Structures are given as C-alpha cells and as structure tokens.
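Colleague: When you get a sec, could you give me coordinates for this:
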Amino acid sequence: MAGEGALLRKAREEHGWTFQDIEQSIKIRVRYLEALEKEEYDILPGSIYTKGFLRTYAKHLGLDPEEIIRLYNASLEQEIPPETHQPLTPIQSTPVWFKPKVILVMALLTVTVVFGITYFSKLNGSTPDVSDYDITPLPSAPKTQKPNDDNQKSPEQQEPVYEGIIAELVFQENCWLVVRVDGKIAQEGLSTAGTTKVFEGKERIEFLTIGNAGGFTLKLNGKEMPPLGASGEVIYNYVVTEEMIKNISS
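Modeller: Reported below is the predicted structural model:
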C-alpha cells in the first residue's frame, strides 16, 4: 500500500465526518468509500472509476487530488508482477525420403493394372475408344439483367416519431451508471465498451451517477448531445425532463 487510503481516513476523521455524511454530499456509496480508505480496489468497477472516486473524495476532504492519484498509481506498480516468457523451442523439420523399395512396388502395381486392362479388352474382342464417350458441357452462368433505374430508387426515409423521453447511450469505454427512470432505478452497474443502452421514460430520466462522463455518446429523442464531461470524469444528477426535450426538438 502506498498510503493514500490512510490519508483519506485521517482527513475524514479530522473533519469528524462519517461515511454516511460523505455519501450524502458526493453520492459515492459507503462501501466504495470504505474500499478507498482500505485500498481494497478490487471492490470498485475499474481503475478509471477508482481514479474518479479518489479525485472526488480527496477534493471533498480538502486534499490534493493529484497527490492521491500519484500514490494510487504507485500502489498499482507494486502489485503488478513482472511478466515471464518461456524460451521458444525451434521445431525440427523432418525430411521426406523416397525409398527405392516404395518406387519399385508402385511401378509393379502400375504394370499389373495396365496388363489387366489390355487382357480383358482382348477377351471381349474390342479396344476401348475414348471417342465413344460424350463430354457433357458445363452449364453456363445465368445472364443477369441490368437493374432498372426505378428498382434502384429507395423510398424516402421518414424521421421516427418519439413519444416521451428516449435516451440512447453508445459506449466507447466502460462506464459505471446509476439511472432512475420516472422514479424507479433502471440501472445500477457497469456498461462495457461496444454496447448500447436505451432508457425510455414518460416524465424524466435521472442519471444519478456517471462514472466516466466521456466514455459514451448520448442521443435524446434522436438528437446527439455534446459530451457530458471528460474521460474518467465523474458527474452526478444529470436530469432529462420533458421540457428539456421540447427545447432540443424546437
């Protein structure tokens, strides 16, 4: 451990604050606050969110966030073991040898087959003639008709009509989300890079916690919004209402 957890705990105790007090102020759950002070980072969703939580927590306690992050990075370097690689063993090639005995056996088989064909042909009083066989021509490829210009024209696309509030999130990076839709929790967990989430509400969609504000693109009723923050930045209480949707659409 590099000591960042001890600094956080000492500052919190000097202020006389409990974990519950801090949770109400910065919206980070008690079990995550405890994990930060104990430096038990495997409990948290990932290094991006850990750094975001450390910055927010340190700033709230009056500590230097960059110093806390430096100590956190130092603790990670101590925990990562050096990689070891097994030496590569060259693959020996096996030469192919043609033995004279094998060649002799194959020659005898060939002579036997030719002799048998000739012998039976004489018994039947005829000699096989390759000209008696008809060669069936290969089927030709079907001719493709040139497409009509009318068939190439696609119907005009109509813009979709949205009812209520539709929030579409496309994730380029992992992101921890706590989302409430019309008063009910719709998600509390990690969304991974390469996935898409869609939340549908009638009156309001509340993003209570966004663990990586720059890790996704957001569309509200089909309209792409500007980034909510930088990569790794943690933001709270981003609320989308019907009135906001009307202003975007107008």
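
Colleague: In contact with Leu33, which residues are there?
Modeller: Listed by Cβ atoms under 8 Å, 6 or more residues apart in numbering, the contact set of Leu33 reads Phe19, Ile22, Glu23, Tyr57. In this view, the C-beta of every residue, glycine as well, is placed from N, C-alpha and C.

Colleague: For these, pick the one with the most neighbours.
Modeller: For these, counting by other Cβ atoms under 10 Å, the largest number of neighbours falls to Tyr57: 23 neighbours.

Colleague: Could you list the low-pLDDT ranges of the protein?
Modeller: Low-confidence segments of the chain, defined by pLDDT under 70, are located at 1-2, 78-103, 105, 107, 111-159, 250.

Colleague: which residue ranges form the strands in it?
Modeller: If you assign secondary structure with DSSP state E, the strands in the chain sit at 165-171, 175-181, 184-191, 196-201, 204-210, 216-220, 223-224, 235-241.

Colleague: For those strands, give me JSON lines that also has mean neighbour count.
Modeller: Compiled in JSON lines, the strands of the chain are given as follows (neighbours: other Cβ atoms under 10 Å):
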{"stretch": "strand 165-171", "mean neighbour count": "19"}
{"stretch": "strand 175-181", "mean neighbour count": "21"}
{"stretch": "strand 184-191", "mean neighbour count": "14"}
{"stretch": "strand 196-201", "mean neighbour count": "16"}
{"stretch": "strand 204-210", "mean neighbour count": "21"}
{"stretch": "strand 216-220", "mean neighbour count": "18"}
{"stretch": "strand 223-224", "mean neighbour count": "10"}
{"stretch": "strand 235-241", "mean neighbour count": "15"}
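
Colleague: of all those strands, which lies closest to Leu109?
Modeller: Closest to Leu109 of the strands of the chain, according to Cβ to Cβ: strand 196-201, at 65.8 Å.

Colleague: which stretches of the chain form helices?
Modeller: Applying DSSP state H to the chain gives helices spanning 4-15, 19-26, 30-38, 47-61, 65-79, 100-123, 149-152, 242-249.

Colleague: Indicate which one of those is closest to Tyr162.
Modeller: Taking Cβ to Cβ as the measure, the helices of the chain were each checked against Tyr162, and helix 242-249 came out nearest at 8.1 Å.

Colleague: by contact count, what packs against the closest one?
Modeller: strand 216-220 (3 or more Cβ pairs under 8 Å, 6 or more residues apart in numbering; DSSP states H and E).

Colleague: Kindly export the strand it packs on (C-alpha atoms) in PDB.
Modeller: Coordinates of the C-alpha atoms in strand 216-220 are reproduced here as PDB (Å, rounded to 0.1, in the frame of the first residue of the first chain):
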ATOM      1  CA  PHE A 216     -20.100   7.400 -24.400                       C
ATOM      2  CA  THR A 217     -22.200   9.400 -26.800                       C
ATOM      3  CA  LEU A 218     -25.700  10.400 -25.800                       C
ATOM      4  CA  LYS A 219     -28.800  10.900 -28.000                       C
ATOM      5  CA  LEU A 220     -32.000  12.300 -26.700                       C
END
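
Colleague: Kindly confirm whether my reading is correct that Lys223 touches Lys246.
Modeller: No - taking contacts as Cβ atoms under 8 Å, Lys223 lies outside contact range of Lys246: 11.7 Å.

Colleague: what residues are up against the nearest residue to Arg12 once chain neighbours are set aside?
Modeller: In this structure, Arg12 finds its nearest non-sequential neighbour in Leu61, 6.0 Å apart by Cβ to Cβ, 6 or more residues apart in numbering. By Cβ under 8 Å, 6+ apart, Leu61 lies in contact with Leu8, Ala11, Arg12, His15.

Colleague: circling back to that earlier point, out of the strands of the chain, which gets nearest to Thr110?
Modeller: strand 196-201 (66.5 Å).

Colleague: and the direction of that closest one versus that of strand 175-181, what angle?
Modeller: Between strand 196-201 and strand 175-181, the angle formed by their directions is 20 degrees, by axes from the mean of the first three to the mean of the last three Cα atoms, to 10 degrees.
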